[in-house]
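Novice: Sequence and predicted structure are below.
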Amino acid sequence: MSNWQTTCLGELLSRSIETAEILPGESYKEITVKLWGKGVVLRGIASGAAFNGSRRFLARKGQLILSRIDARNGAIGIVPETLDESVVSNDFPLFRLDPNRVLPQYFEWLSKTKPFVELCQNASEGTTNRVRLQENRFLNLQIPLPSLPEQRRIVARIEELAAKINEARELRRYINDTELPSLRSGMVTRAFQDKWTSARLEDLCSLITDGTHQTPRYADDGYMFLSAQNVKPFKFMPDVHRKVSVEDYRACIARAKPQKGDVLMTRVGAMIGEAAVIDRDLDFAFYVSLAILRPIRDKVLPEFLVHWLNSPSGLLESRKQTLGKGHSQGNLNLKLLRGFQIPLPSLAEQRRIIATLANVHSQVDGIKRLQAEIAAKLDSLLPSILDKAFTGEL
């Protein structure tokens, strides 16, 4: 970096004031700039009749655009070729770059760095609700400016590394969205492939019912009140909840008081059939969107039942028996639920399956944790690369 110049932006940028006439019968591409270096994007296609005034500034590919209000938050970028001849208001000043001194790609990567955003913060002023970039102060900012060949080398190196980071991100996303669900689903399907005898769900449970059908009167204090949002596959999640009075709680549990070891299953809504074991002693009332199942433990173990209900076969059965699909949220009638045919191996075999699938879930959860760590590292890589690039270390 020793032979790099430090150059005033005013020597590299010239304000573009080219405008386009807005005609009521025409459509126009409007663009905006996302925060924190996320680039220039299409805001939408607008009819000329929707604009106030008859002219808008015309954005050309390769021009610098920034938000007067949010440049201090990284809302600055280069207009891409795909958004050539878009329009913007005066809140988004446009600048032409001197092609003999600075590459648009170099400037765009530079604008994503923390030091550059900090410069834009220093060039902004105003009252709390009206902080704006001051154009004269912005043009007086000094930036590092190597020769054009060095700029090309830096841009090529950054883009090479950025492509590898994006490739790693896409692979991680593919594993999360496709491979992990397939792994879990495949293992669960194989676990239930044996030809066991089956039994009706009502013959395996001492209780199958749902929660209150009355819309609750929520209270600031009282007993927790749970609904379908508190149950996901294998996860009983009571922490986020509303409350009902003691009187309403007692009325709600008159037909069934939930116990540790019971199974909760969603029976109304978008995700019918998802189930979890109540894994703690907890007093709560619950809504009609949940069914409660109390397994007879010398016949079926709660964890085995939950594994089957959440399996592809179990969820398919729930969706198949759901009433009102396409016309409302849909609901799984209790009578139909009681008639579910549940595969029924011996208790010893149930325990083996529970242990096997618990191991699969543990492995998948471990992979997810690792993926989250990788994602955090990937997110920190590009800022680190940019810091090195613009201090001459790349």
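Specialist: Received the coordinates, thanks.
Novice: OK, contacts around Pro258?
Specialist: Neighbouring residues of Pro258 by CB atoms under 8 Å, 6 or more residues apart in numbering: Leu264, Ile278, Leu282, Phe284, Phe286, Ile292. C-betas here are computed from N, CA, C, even on glycine.
Novice: Quick check: it vs Cys205, distance?
Specialist: With the distance defined as CB to CB, to the nearest Å, Pro258 ends up 14 Å from Cys205.
Novice: Over to Tyr218?
Specialist: Tyr218 is 30 Å from Cys205, where distance means CB to CB.
Novice: out of these two, which sits in the more crowded spot?
Specialist: Each of Tyr218 and Cys205 has its neighbours counted (other CB atoms under 10 Å); Cys205 has more, 23 against 12.
Novice: Bridged to that one, which residues?
Specialist: Here Cys205 shows beta-bridge partners Pro295, assigned using DSSP bridges.
Novice: Pull the contacting residues for it.
Specialist: For Cys205, the residues meeting the contact criterion (CB under 8 Å, 6+ apart) are Leu293, Arg294, Pro295, Ile296, Val300.
Novice: try Leu347
Specialist: By CB under 8 Å, 6+ apart, Leu347 lies in contact with Asp298, Leu301.
Novice: mind checking pLDDT for it?
Specialist: Listed pLDDT for Leu347 reads 93.
Novice: So what does it look like in phi/psi?
Specialist: phi -60, psi -40 (degrees, to the nearest 10).
Novice: what bits of the stretch 201-350 of the chain have low per-residue confidence?
Specialist: Counting by pLDDT under 70, the stretch 201-350 of the chain shows low-confidence ranges at 324-329.
Novice: try 90
Specialist: Applying pLDDT under 90 to the stretch 201-350 of the chain picks out residues 212-217, 219-221, 233, 247-248, 251-256, 268-271, 310-333, 345, 349-350.
Novice: Same check on the stretch 51-200 of the chain?
Specialist: Where the stretch 51-200 of the chain drops to pLDDT under 90, the residues are 51-54, 112-115, 125-131, 154-155, 157-198.
Novice: let's go with 70 and repeat that
Specialist: Ranges of the stretch 51-200 of the chain meeting pLDDT under 70: 128, 171-191, 193-194.
Novice: So Trp196, which state does it fall into?
Specialist: Here Trp196 takes the coil state, with states given by DSSP: H, G, I helix; E, B strand; the rest coil.
Novice: correction: Leu357
Specialist: The local conformation at Leu357, judged by three-state DSSP, is helix.
Novice: Is there a neighbour count for it? I'd like the number.
Specialist: Under the neighbour criterion other CB under 10 Å, Leu357 is assigned a count of 22.
Novice: Appreciated, that's everything.
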